[in-house]
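Student: from the sequence below, what's the structure:
(2 chains)
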Amino acid sequence: MEPTQRNSAQDTGDLPPKPEKYIWKKSYTMVLIANAAYILLFYVLMNIFT
Amino acid sequence: MLTIDWIVLIGTLIFIVSYGSYKTRGSKNVQDYIKGGDDTKWWTIGLSVMATQASAITFLSTPGQAFHDGMGFVQFYFGLPIAMIIICMVFIPIYHRLKVYTAYEYLESRFDQKTRTLTAVLFLIQRGLAAGITIFAPAIILSAVLGWHLTTLTILIGVLVIIYTVSGGTKAVNVTQKQQMAVIFIGMFAAFFLIISYLPDNITFTNALEIAGASGKLDILDFSFDFDNRYTFWSGMIGGTFLALSYFGTDQSQVQRYLSGKDVRTSQMGLIFNGLLKVPMQFFILLVGVMVFVFYQFNYSPLNFNPAATNAVHNSEYSAQYQNLEEEHREIQLQKHQRTLQYAANSETASEDKFKAEMLQFNAAEMAKREEARNYIEGLKKDVETNDKDYVFLHFILNNLPRGLIGLLLAVILSAAMSSTASELNALSTTTVIDLYKRNISQKPDQHYLKASKWFTLGWGVIAIGFASLADLYDNLIQLVNIIGSIFYGNVLGIFLLAFFVKYVKSNSVFIAAIITQVAIIIIFKMDIMPYLWLNLAGCGLVMGLALMLQAIMQPANN
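Tutor: Predicted structure coming up:
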């Protein structure tokens, strides 16, 4: 699709369509858990070897 | 370098460039050229996002950072996964819904053209400078160590990238980045396992970690609230989140990578991939640096890893004093080697605390000698870099790896440089064409903009080579790139957060607030008021706060 040429927007609060609801997905939980696990591993390593 | 190294290096580079150019030749239209035909797979996006961020600076500087300062730098990336999630939930759906080519296109629909233009220009300045550094950084280091001509090297890296980026656009960048990441992973794993194999026979990997820990290199987490400490858990989680949010959410060099996915889910999965792998990847690169440190507990390391600095001082009036210093340094290292071997032989019965105390003493004595060496180098009053963090890993590679692998590791460094530069040129061209050129010139056929995209890619490539030729080495390179980002990113992120979440604020308020904020942040940086990681938060908060205030004052005028 061609990028549309936009004219200067009227400054009247002409906003883009309302965004979709913010949906939380399982993959986000996986990312948080995985990174928490990494940090925990670093903490354990640090305590074992220092 | 031997013939086999040249064969591996040149062969790898030629393969990447020619394969990338051939596979992606013949873009049909602007959408094909800029968005890669909207059919990039999620794992290609993930690799592309990682390759764009991990430039040569990552592989040159990060191991050196770990060698000198330990693994605390990994905390810098703790905020990244949080930022990935926020971008997946908020930014990507909006970008896809509006079918934008650039992040800044969205700002015109939300505010007005001048805000879009201002933000695009801020990006072009910041990324244009960074593109120059991305080329210059590996060039200066390789030139210093291998004796290759600096300008020739700078032009060579730039030209190689320009060839396939101009030819194939986003698709070429994606295709080549997959190969570059493969080269990078193979090279770094090979280096890691070789370092372990080079340790004395009675030193296991566990022993190596104990030695590193005793020397303070495994102080990975710092939960203190020390504002002057650059890398703590808190600066990484908070400041790092804002930096990553700015970089991945609003910097076109990253936005363009994931907008090449065919739908929202594909783009999101690419970022989730990055969110899962980034921290372990950086941990691994730092660990390589720590292993290099352990290696040098059993082998002699130079007083300063920068050969240009060492040569300069040897050819000066300080030569005799410097040689004495080198002798003293070797003596300390010899004592340390013997003590470390002794500990490893008796590790089950030896006192850990005593060993740690002794290692800290040895390391402090070594640091003092290195500091004295730096003073001599500074005393030369020549344009010679005293900070040698960026040369540690390269010195190790050139003096210790087997033939063939040296060529591979050099290919790793150049691949990383090329992958980042390609994304940057691609993005600089796209923003110039879509946000400035096309937006302000009367409507032309699609083929005109396709040609313009290629010409602008070439133009930005030439500008980046030009910046690289004029650049000066400053502190540690990976920090320089992040410092430049921190000066501009906070402001841009603040504009986007206002756009997404604060409907009350209108364009004039944002525009004026952004200009004031940018000037203020530059002044704050120059006055060194806060560590650079906090500049993102400061810039973001300042532009949002100012915009809200101005909107309250200007409300009648805007209405």
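Student: how many neighbours does whatever residue of chain A ends up closest to chain B have?
Tutor: Chain B sits closest to residue A:49 of chain A, with a gap of 3.2 Å, by CB to the nearest CB. For every residue, glycine as well, the C-beta is placed using N, CA and C. Here the neighbour count serves as a burial measure; for residue A:49 (other CB atoms under 10 Å in any protein chain shown) it reads 19.
Student: what sits against it?
Tutor: Contacts for residue A:49 were tallied using CB atoms under 8 Å, 6 or more residues apart in numbering or on different chains; they are B:209, B:210, B:212, B:213, B:218.
Student: could you check how far it is from residue B:452?
Tutor: Residue A:49 sits 56 Å away from residue B:452, taking CB to CB, to the nearest Å as the criterion.
Student: shaky segments in chain B?
Tutor: The model of chain B has pLDDT under 70 over residues B:347-350, B:381-383, B:471-479, B:556-559.
Student: coming back round to it: closest one of the contacts of residue A:49 to residue B:242?
Tutor: The shortest gap between residue B:242 and any of those belongs to residue B:218, at 27.5 Å (CB to CB).
Student: neighbours around the closest one, how many?
Tutor: Residues near residue B:218, counting by other CB under 10 Å, number 25.
Student: my guess is it is in a strand, correct?
Tutor: No: the secondary structure assignment for residue B:218 gives coil rather than a strand, going by DSSP: H, G, I helix; E, B strand; the rest coil.
Student: phi first, then psi, for it.
Tutor: Geometry field for residue B:218 lists phi and psi as phi -110, psi 20, criterion degrees, to the nearest 10.
Student: what residues are up against it?
Tutor: Residues in contact with residue B:218, defined by CB under 8 Å, 6+ apart, are A:45, A:46, A:49, A:50, B:70, B:71, B:209, B:212, B:290.
Student: restricted to helices, list the residues you listed.
Tutor: When these are checked against helices (DSSP state H), the matches are A:45, A:46, A:49, B:209, B:212, B:290.
Student: need those residues in CSV with distance to residue B:544, can you?
Tutor: Written out in CSV, the entries for those read as follows (distance: CB to CB, whole Å):
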residue, distance to residue B:544
A:45, 38
A:46, 36
A:49, 43
B:209, 44
B:212, 42
B:290, 40
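Student: ok, which pair from these is furthest apart?
Tutor: Farthest apart among those by CB to CB are A:46 and B:290. That separation is 12.3 Å.
Student: looking at the two, which is more packed in?
Tutor: In this view residue A:46 and residue B:290 are compared by other CB under 10 Å, and residue B:290 has more residues nearby, 23 against 16.
Student: chain A contacts on the stretch 401-550 of chain B?
Tutor: B:434, B:438, B:439, B:443, B:446, B:500, B:503, B:506, B:507, B:508 (CB under 8 Å from any CB of the partner chain).
Student: out of those, which end up buried?
Tutor: Judged by neighbour count, with 16 or more other CB atoms under 10 Å in any protein chain shown as the criterion, the buried members of those are B:434, B:438, B:439, B:500, B:506, B:507, B:508.
Student: out of the residues you listed, which is nearest to residue B:142?
Tutor: Distances from those to residue B:142 were compared by CB to CB; the smallest belongs to residue B:434, at 34.9 Å.
Student: give me the residue from the stretch 151-300 of chain B nearest chain A.
Tutor: Closest residue of the stretch 151-300 of chain B to chain A, CB to the nearest CB: residue B:213 (3.2 Å).
Student: you'd agree that residue is up against residue B:70?
Tutor: No: under the criterion of CB atoms under 8 Å, residue B:213 lies out of contact with residue B:70, with a separation of 9.5 Å.
Student: let me have the contacts of residue B:218 in JSON lines, adding distance to residue A:25 as columns.
Tutor: As requested, these are arranged in JSON lines below (distance: CB to CB, whole Å):
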{"residue": "A:45", "distance to residue A:25": "30"}
{"residue": "A:46", "distance to residue A:25": "32"}
{"residue": "A:49", "distance to residue A:25": "36"}
{"residue": "A:50", "distance to residue A:25": "37"}
{"residue": "B:70", "distance to residue A:25": "36"}
{"residue": "B:71", "distance to residue A:25": "31"}
{"residue": "B:209", "distance to residue A:25": "36"}
{"residue": "B:212", "distance to residue A:25": "38"}
{"residue": "B:290", "distance to residue A:25": "35"}
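Student: for those, which one is nearest residue B:554?
Tutor: Distance ranking of those against residue B:554, using CB to CB, places residue B:71 first at 48.9 Å.
Student: how about stretch B:41-53 as PDB, C-alpha atoms only?
Tutor: Once non-C-alpha atoms are left out, stretch B:41-53 reads as follows in PDB (Å, rounded to 0.1, in the frame of the first residue of the first chain):
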ATOM      1  CA  LYS B  41       9.400 -14.200   9.300                       C
ATOM      2  CA  TRP B  42       9.400 -13.600  13.100                       C
ATOM      3  CA  TRP B  43      12.700 -15.200  13.700                       C
ATOM      4  CA  THR B  44      14.300 -13.200  10.900                       C
ATOM      5  CA  ILE B  45      12.900 -10.100  12.600                       C
ATOM      6  CA  GLY B  46      14.300 -11.300  16.000                       C
ATOM      7  CA  LEU B  47      17.800 -11.900  14.600                       C
ATOM      8  CA  SER B  48      17.700  -8.600  12.600                       C
ATOM      9  CA  VAL B  49      16.700  -6.700  15.800                       C
ATOM     10  CA  MET B  50      19.600  -8.300  17.700                       C
ATOM     11  CA  ALA B  51      22.100  -7.700  14.800                       C
ATOM     12  CA  THR B  52      21.100  -4.100  14.500                       C
ATOM     13  CA  GLN B  53      21.800  -3.400  18.100                       C
END
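Student: neighbours around residue B:217, how many?
Tutor: Applying other CB under 10 Å, I find that residue B:217 has 27 neighbouring residues.
Student: kindly report the same for residue A:44.
Tutor: For residue A:44, the neighbour count with other CB under 10 Å is 10.
Student: tell me the pLDDT at it?
Tutor: In this model, residue A:44 is scored at 92, pLDDT.
Student: now do the one 5 residues further on
Tutor: Per-residue confidence at residue A:49 stands at 84 (pLDDT).
Student: skipping adjacent residues, who's closest to it in space?
Tutor: Residue nearest to residue A:49 in three dimensions, not counting chain neighbours: residue B:213, with 3.2 Å by CB to CB, 6 or more residues apart in numbering or on different chains.
Student: tell me the contacts of the one you found?
Tutor: Applying CB under 8 Å, 6+ apart, the residues near residue B:213 are A:46, A:48, A:49, A:50, B:356.
Student: wait, residue B:431 sits on residue B:124?
Tutor: Yes: taking CB under 8 Å as the contact criterion, residue B:431 and residue B:124 are neighbours in contact, 6.1 Å apart.
Student: these two: which has the busier surroundings?
Tutor: For the pair residue B:431 and residue B:124, the greater number of neighbours falls to residue B:431 (28 against 20), based on other CB under 10 Å.
Student: and the gap between the more buried one and residue B:256?
Tutor: Computed with CB to CB, the distance linking residue B:431 and residue B:256 is 9 Å.
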